[in-house]
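J.: following is a predicted model, sequence given first.
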Amino acid sequence: MVRFTNNVVVRIDSWYKEVNPREARHGKEAAMPGPLPARCTFPDDFLQEAGDAVRRRTVAVQVVQRCRLALLLQEQPSVPNEDAAKAVGLSPRQVQRWRSRWASGDFSIKDLPGRGRKPTFFPSGSSVDPCPGV
């Protein structure tokens with residue numbers, strides 16, 4: 001592309017560098033810094049359960065990821081969400097959510113109930129009246 005200034009042909013990228021000598025920032029550098037990660041102070045019994053869950057062989061992957069996150073945050077409380085996410089295999093948003101939940105005092109690993117209608121199951125039989133001999 002070309003920009004005409006005072007009857008002179010100038011490439012836009014060189015013109016922009018002259019007008020704005022500061023380097024254009026890209027990626028993470030261009031974004032504004034977010035809030036500081038929430039500080040979590042874990043109770044000893046929660047950390048013990050997390051360590052036991054990580055060492056067990058038959059545990060759901062999500063539980064292991066969350067327990068590893070809790071142990072990592074105990075060792076390195078100021079680690080950024082992005083670095084913690086890479087270390088445990090979660091997204092930075094998930095790390096942020098777990099951190100804020102634990103910082104508020106809810107020291108659990110299980111998911112909160114979601115929206116929508118909850119499934120119903122009748123183990124003794126159907127909820128419909130049975131019709132004998134039809």
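T.: Perfect, I can see it now. Numbers count the residues shown, from 1 in each chain.
J.: and Asn81, what is it in contact with?
T.: Going by C-beta atoms under 8 Å, 6 or more residues apart in numbering, Asn81 touches 37, 92, 95-96, 99. In this view, the C-beta of every residue, glycine as well, is placed from N, C-alpha and C.
J.: 10 Å - rerun?
T.: When contacts are counted by C-beta atoms under 10 Å, 6 or more residues apart in numbering, Asn81 touches 34, 37-38, 90-99.
J.: same deal with Ser78?
T.: Counting by C-beta under 10 Å, 6+ apart, Ser78 touches 36-37, 39.
J.: what subset of those residues is buried?
T.: Pro37 (16 or more other C-beta atoms under 10 Å).
J.: which of the contacts of Ser78 has the weakest pLDDT?
T.: pLDDT is lowest at Leu36 among the contacts of Ser78; the value there is 74.
J.: same list (the contacts of Ser78) but as TSV, adding secondary structure.
T.: Formatted as TSV, those follow (DSSP: H, G, I helix; E, B strand; the rest coil):
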residue	secondary structure
Leu36	coil
Pro37	coil
Arg39	coil
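J.: which SSE is Gln74 in?
T.: Taking DSSP states H and E as the definition, Gln74 sits inside helix 61-75.
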